[in-house]
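> Fold the following for me, if possible:
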Amino acid sequence: MTAHALLSASGSKRWLSCTPSARLEATLPEPKRASGAFDFSQEGTMAHSLAEAKLRHHYGQISYEEHEREIEIIKNTPYYNEEFEAYVDNYVLYVRSQIGDGDQPLFEQRVDFSDWVPDGFGTADVVILSKHSIRVIDLKFGKGVPVSAIDNTQLRLYALGAWNKFKEEYPDIKEVSYTIHQPRLDSISTDGTSVAKLVDWANYFVKPKAKKAWSGSGEFLPGEWCQFCKAKAQCRARSDFNTELAKLEFKKAPLLDDDEISLVISKAQNLRTWVNDVEEYALNRAVEQNIIPTGFKLSTSVTHRKITDPALAATVLVEKGMDPQVIWEAPKLKSIAALEKLGPKGQVTAWLGDLVQRPEGSPKLVKAKENAKEDFA
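Sure thing, here's the model as predicted:
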């Protein structure tokens with residue numbers, strides 16, 4: 001069994017909406033992070049590990065030594081700081097507040113929903129088993145936008161898998177609920193349903209969709225679920241969809257009316273997101289594989305000179321006779337361009353020497369003809 005299911009719970013919104021996408025994604029490589037880019041995925045993994053260690057220790061599922069060992073490992077990563085731990089503690093305290101006397105809490109619990117989804121499995125952050133109900137809690141450590149638990153297919157599948165796993169041990173379970181906790185956004189969202197409705201949803205909606213997704217059949221359907229799809233920049237269906245969005249048939253009046261302006265604004269976000277995805281994909285291929293779109297060339301962005309140590313630079317300039325009252329623009333040293341205007345012509349940069357540096361520019365794609373004109377400028 002693979003480490004990640006083809007039809008994963010986390011990707012369920014996508015493959016339930018666009019059934020052929022799962023098999024298409026399986027043919028594509030994992031996207032690479034830009035060199036030096038912060039690894040938000042690994043940061044999330046560390047947050048989950050820290051929360052798990054704290055919760056397991058609190059409920060006597062690991063020893064103090066095991067807890068301390070795990071904490072020490074996490075503290076030695078570049079993701080840990082006091083703020084990081086404070087957000088995790090916020091989540092941990094919330095989870096503890098939801099566990100009542102007689103409840104059985106399970107952490108990082110593997111659940112299996114393969115009765116409805118081929119090879120369907122996943123890991124729920126928290127599963128709380130009670131006599132009559134199951135509670136699933138999911139930590140999302142990102143600080144992008146709030147994620148709602150309302151009709152959330154990922155958490156529904158986790159709840160389904162948990163019920164399926166423990167239904168014999170807890171035969172009186174009638175209700176399930178699921179919560180998404182985002183401590184960095186101060187967001188908690190909860191939804192729930194009856195086991196009967198959950199099983200009906202799985203039988204009559206999920207199962208036939210999963211069958212299509214497993215075989216790669218069905219129609220490609222663009223939508224909000226494209227955001228994390230590996231094919232989002234190359235997908236022809238998404239391209240066709242967004243091209244149609246751009247073909248607005250306006251009245252032949254010289255000015256747009258309010259309704260038409262509203263229509264443009266509502267469609268612009270989808271178009272902007274799609275264009276950004278395509279541009280990012282093309283740039284990554286140009287940098288990593290030297291595959292450059294026709295009519296473009298790989299260049300670097302222009303950067304401004306920077307003073308690496310403002311305090312030392314100020315000392316040097318004052319020693320050279322510049323007025324300390326004029327070289328500062330509180331609370332920081334003036335820019336190198338401004339300082340050059342204040343000092344003797346050509347001398348300020350020479351005085352500062354290696355304290356003045358021009359950071360390396362970021363790669364970018366530019367039109368070849370435009371860049372050629374710049375070269376001759």
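> Going by C-alpha atoms from here, please, whenever you check contacts or count neighbours.
Noted.
> first vs last residue of stretch 15-25, how far apart are they?
10 Å (Cα to Cα, to the nearest Å).
> buried set for that stretch?
Neighbour counts over stretch 15-25 (16 or more other Cα atoms under 10 Å) mark 15-23 as buried.
> now do stretch 229-239
229-233, 235, 238-239.
> With stretch 329-348 instead?
Those buried within stretch 329-348 under the rule 16+ other Cα under 10 Å are 333-336, 339, 343, 348.
> Pick the one among those residues closest to residue 208.
residue 335 (63.2 Å; Cα to Cα).
> which residues touch the closest one?
306-307 (Cα atoms under 8 Å, 6 or more residues apart in numbering).
> quick one, phi/psi of it?
phi -70, psi 160 (degrees, to the nearest 10).
> Output the residue ranges of the helices in the stretch 251-377 of the chain, listed in chain order.
258-289, 310-319, 336-342, 347-352, 368-376 (DSSP state H, counting those that start in this stretch).
> Could you do the stretch 1-150 of the chain as well?
12-17, 21-26, 40-58, 64-75, 82-98.
> which one of the buried residues of stretch 229-239 is nearest residue 161?
Out of the buried residues of stretch 229-239, the member with the shortest distance to residue 161 (by Cα to Cα) is residue 229, at 24.1 Å.
> Could you look over the helices of the stretch 1-150 of the chain and pick the most buried one?
Most buried of the helices of the stretch 1-150 of the chain, by mean neighbour count (mean count of other Cα atoms under 10 Å): helix 12-17, with a mean of 22.
> so what secondary structure elements neighbour it?
helix 21-26, helix 153-166, helix 207-215 (3 or more Cα pairs under 8 Å, 6 or more residues apart in numbering; DSSP states H and E).
> Of the ones you listed, which is nearest residue 52?
helix 153-166 (17.3 Å).
> follow-up on the earlier one: max pairwise distance over the buried residues of stretch 15-25: which two?
17 and 23 (13.6 Å).
> contacting residues around the residue of the chain positioned farthest from its centre?
Within the chain, the residue lying farthest from the chain centre (Cα atoms, centre = their mean) is residue 321, at 51.2 Å. Residue 321 makes no contacts at all, as judged by Cα under 8 Å, 6+ apart.
> Can you classify residue 222 as helix, strand or coil?
coil (DSSP: H, G, I helix; E, B strand; the rest coil).
> before we move on, back to that, looking at the buried residues of stretch 229-239, which one is closest to residue 284?
For those, the nearest to residue 284 is residue 233 (11.4 Å; Cα to Cα).
> looking at it, the closest one is touching residue 273, isn't it?
No - between residue 233 and residue 273 there is no contact under Cα atoms under 8 Å: 9.9 Å.
> Quick check: neighbours shared by those two?
With Cα under 8 Å, 6+ apart, residue 233 and residue 273 have no common neighbours.
> Surely residue 139 touches residue 184?
No - using Cα under 8 Å, residue 139 makes no contact with residue 184, being 10.5 Å away.
> Mind checking which of the two has more residues around it?
Higher neighbour count among residue 139 and residue 184: residue 139, with 22 against 19, using other Cα atoms under 10 Å.
> Please report how far the more buried one lies from residue 9.
Using Cα to Cα, residue 139 is found at 14 Å from residue 9.
> Quick one: the strands in the stretch 101-250 of the chain, in order.
104-112, 121-129, 133-139, 175-182, 187-194 (DSSP state E, counting those that start in this stretch).
> What ranges in the stretch 151-300 of the chain fall below the confidence cut-off?
Applying pLDDT under 70 to the stretch 151-300 of the chain flags the ranges 245-255.
> which ones are touching residue 322?
residue 343.
> Thanks a lot, see you next time.
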